[in-house]
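Enquirer: One predicted model, sequence on top.
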Protein chains: 2
Amino acid sequence: MKNFKYRNPVKILFGEGMIKEMSKEIAQKERILLIYGGGSIFKNGVYKQVTEALEGYQLFEFGGIEPNPHYETCVRAVEFIHKENITFVLAVGGGSVIDATKFIVAAACYKGDAWDLMLGNAPIKAALPFGTVLTLPATGSEMNSGFVITKHATQEKLAMGSPLCFPQFSVLDPLTTLSLPATQTANGIIDAFVHVTEQYVTCPQDAPLQDRFAESILQVLVEEGKKIVADPSNVAVRANIMWAATWALNNWIGQGVDDDWATHMIGHELTAFHGIDHGQTLAIVLPGLLDVMRNYKKAKIIQMGERVFHIHANNEQEAINQTIEAVEKFFNSLGIKTRLSDYNVTETVIPKIVQRFQERGWLLGEEERITPEIVAEILRRRL
Amino acid sequence: MKNFKYRNPVKILFGEGMIKEMSKEIAQKERILLIYGGGSIFKNGVYKQVTEALEGYQLFEFGGIEPNPHYETCVRAVEFIHKENITFVLAVGGGSVIDATKFIVAAACYKGDAWDLMLGNAPIKAALPFGTVLTLPATGSEMNSGFVITKHATQEKLAMGSPLCFPQFSVLDPLTTLSLPATQTANGIIDAFVHVTEQYVTCPQDAPLQDRFAESILQVLVEEGKKIVADPSNVAVRANIMWAATWALNNWIGQGVDDDWATHMIGHELTAFHGIDHGQTLAIVLPGLLDVMRNYKKAKIIQMGERVFHIHANNEQEAINQTIEAVEKFFNSLGIKTRLSDYNVTETVIPKIVQRFQERGWLLGEEERITPEIVAEILRRRL
């Protein structure tokens, strides 16, 4: 285990009916901007619950945050914040809305072009306080300080983070997820699953607690994932998935160990070029990455196979094959397809993605072993 | 899973040499009181590292916190704080020193007799800020807000907690544990193990993530515990034990589930009456508690047997027997004896303990099923 510093100050309000507890976390004087996405919160009753919980507050609204939230939209929210002297922001939605909100609260306190913050050209030195009401378990954004923003004009999708971008609180009510389409539930489970593998299926780290916590999350996602496919109305199962997804990326399992994130980086490009759902891109890329990096990541792939999928093969290569197959089958069992061709993407995307990584000089993976050429090989195996 | 609110704001500085990072966490203007125990920090070099890390600060010292820290000693520390206008406290030691510090920082802000705070007669409304340098992995006190204090005059040992009693930071450097006597290392592992069982071996809860995280901690304690007996100088193993012990009682695995704590409550009385080490009392009591409560806790005992000790028996009662035996053998393998007679305690203690619980009207366990009569039966099985 390596040295680390760890702090996660987010207050979690978990369970059915917890939205109404929210007002205890926000001072009465705040001018609150409620930020949301495409409007599903009007259909599923969450908007009503939130506004009832905040009755008596000065409440403003900014909707229309898109999936893979756009820089351009966020900038409009910042203008709104300045115009209305907003002092507290409440994100109501999934990871896109929460990610957008993190960028918005930082951008609202920055004088220059806020894209500087995403490029790392300017450090985040201040941010408005904010809370979240999560409606889609997936990204873990509700209990971490990171965010991913897309500049629509240039199709760039970049990740950033700051200790100033932790939510003050997050409400996790599994009832809010009941009306999700099956694909979104599945995408969320896959996103959480791959958040774990990015931090766990690496070179060996001698961090057995982190390993076993990672395996715990994967096991819960696999077991409860099966149950939710069979019975989408099971709120107890939804609660377990919701809590597991939060812990998949609240920075805990990644403490003291190297992490990979290549699957995400490659997936982001598939979204940028083809608009494929984030979870789907991960389901496409991960089996390819494990396959190409099979010898380097051997010990951890086999460990995951044994402890998560109960695989005991005759030899190492066979164990790896069976584990990769089990991962892909799990994604498929959730109804998510795992080949580029399933999304009408051809090999023409490969040189475009390779070029991007070459231009940026990015080497991916826990020891920067994943060159643009290896990215190409990973994608070729997923055609 | 039940509804819950969860927040743990403690910043962890983990790893070899991290004591020197501490000064970044304390403002230069603070008047710091360093609180420590019996003086082992002078022998193991920790005192030197701490004072070097805090060179240039106004530093005061208060030593002599005893194991199972005494109210009477803490009151003297409070007087010292008032006299010297201390503004920040640094606990350097194990759980006793940290627990004492939590009580002291709260008592320093309370006007009346501070024992009121322990009795719950007065709520904790303020506390001085404090940090910790952990030297004995065991209690989890470094990352939670609870504490246990003993009133020496009356042999009362009571537990209390407050969100105001979270450390601002805790330094966990496994090197500080290298000089621990084997018995203290073993006691610490057992304390952490039983912290987990108190929150996990209960009636079924449908909280699979909490279950698996609990099992993760238990597995790490068992596996790394064996390694540390074989090679006490292994710092990497000590690091893993240290981190596991912190997570055994930082409130995470207990979220959304009922917890028991009967083993601790009974153990506290054995310490109060006979001065037996806290870890040893738990090693004595837990096998008896699991035995007496075997049918009520059946599902979880069998699950622990399978997942932690790899037990697969022919029938339920046999699985329970083998699991209890495995737990006791694990404690013994660390060099800790598990019978009252090993500590020259006879059955005469039983009515005394029963009388205490009767007087307080305490029913123990996750559903208050453990009456004073059941306490007596648990102890009879441990003679």
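Expert: Arrived safely, thanks for sending.

Enquirer: residues from the stretch 1-150 of chain A in reach of chain B?
Expert: Proximity of the stretch 1-150 of chain A to chain B is confined to A:1-18, A:21 under the rule C-beta under 8 Å from any C-beta of the partner chain. For glycine as for every other residue, the C-beta is placed from the backbone atoms N, C-alpha and C.

Enquirer: and the residues you listed, which are buried?
Expert: When the residues of the stretch 1-150 of chain A next to chain B are checked for burial by 16 or more other C-beta atoms under 10 Å in any protein chain shown, the buried set is A:1, A:3-4, A:6-16, A:18, A:21.

Enquirer: Find the pair from those with maximum spatial separation.
Expert: In these, two members sit farther apart than any others by C-beta to C-beta. They are A:Asn3 and A:Glu16, at 40.3 Å.

Enquirer: from what I can see A:Asp206 touches A:Gly256, true?
Expert: No: the pair A:Asp206 / A:Gly256 is not scored as a contact, 9.4 Å apart, by C-beta atoms under 8 Å.

Enquirer: Settle it for me: which of the two has more neighbours?
Expert: Comparing A:Asp206 with A:Gly256 by neighbour count (other C-beta atoms under 10 Å in any protein chain shown), the higher total belongs to A:Gly256, at 20 against 14.

Enquirer: which ones are touching the residue lying closest to that one once chain neighbours are set aside?
Expert: Spatial nearest neighbour of A:Gly256, excluding adjacent residues (C-beta to C-beta, 6 or more residues apart in numbering or on different chains): A:Met1 at 4.0 Å. Residues in contact with A:Met1 (C-beta atoms under 8 Å, 6 or more residues apart in numbering or on different chains) are A:205-207, A:210, A:256-257, B:14-15, B:236, B:239-240, B:243.

Enquirer: switch the cut-off to 7 Å
Expert: Shown in contact with A:Met1 (C-beta atoms under 7 Å, 6 or more residues apart in numbering or on different chains): A:205-207, A:256, B:236, B:239-240.

Enquirer: Could you do A:His70 as well?
Expert: A:His70 neighbours (C-beta under 7 Å, 6+ apart): A:150, A:152.

Enquirer: And the helices in the stretch 251-383 of chain A?
Expert: Applying DSSP state H, counting those that start in this stretch to the stretch 251-383 of chain A gives helices spanning A:262-274, A:278-292, A:298-309, A:316-333, A:349-360, A:372-380.

Enquirer: Mean neighbour count, distance to A:Leu136 and mean pLDDT added to the ones you listed, as CSV?
Expert: Listed next are the helices of the stretch 251-383 of chain A as CSV, based on neighbours: other C-beta atoms under 10 Å in any protein chain shown; distance: least, C-beta to C-beta, whole Å; pLDDT from 0 to 100:
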stretch, mean neighbour count, distance to A:Leu136, mean pLDDT
helix A:262-274, 22, 16, 93
helix A:278-292, 26, 10, 97
helix A:298-309, 20, 24, 98
helix A:316-333, 18, 18, 98
helix A:349-360, 15, 27, 95
helix A:372-380, 19, 27, 97
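
Enquirer: and B:Ala192, which of those is closest to it?
Expert: With C-beta to C-beta as the criterion, B:Ala192 lies closest to helix A:298-309 of those, at 21.8 Å.

Enquirer: Buried ones among the contacts of A:Met1?
Expert: A:205, A:207, A:256, B:239-240.

Enquirer: Let me know the closest of these to A:Gly146.
Expert: Nearest to A:Gly146 among the buried ones among the contacts of A:Met1, with distances taken as C-beta to C-beta, is A:Gly256, at 17.9 Å.

Enquirer: Enumerate every residue touching that closest one.
Expert: So A:Gly256 contacts A:1-2, A:4, A:207, A:210, B:14 (C-beta under 7 Å, 6+ apart).
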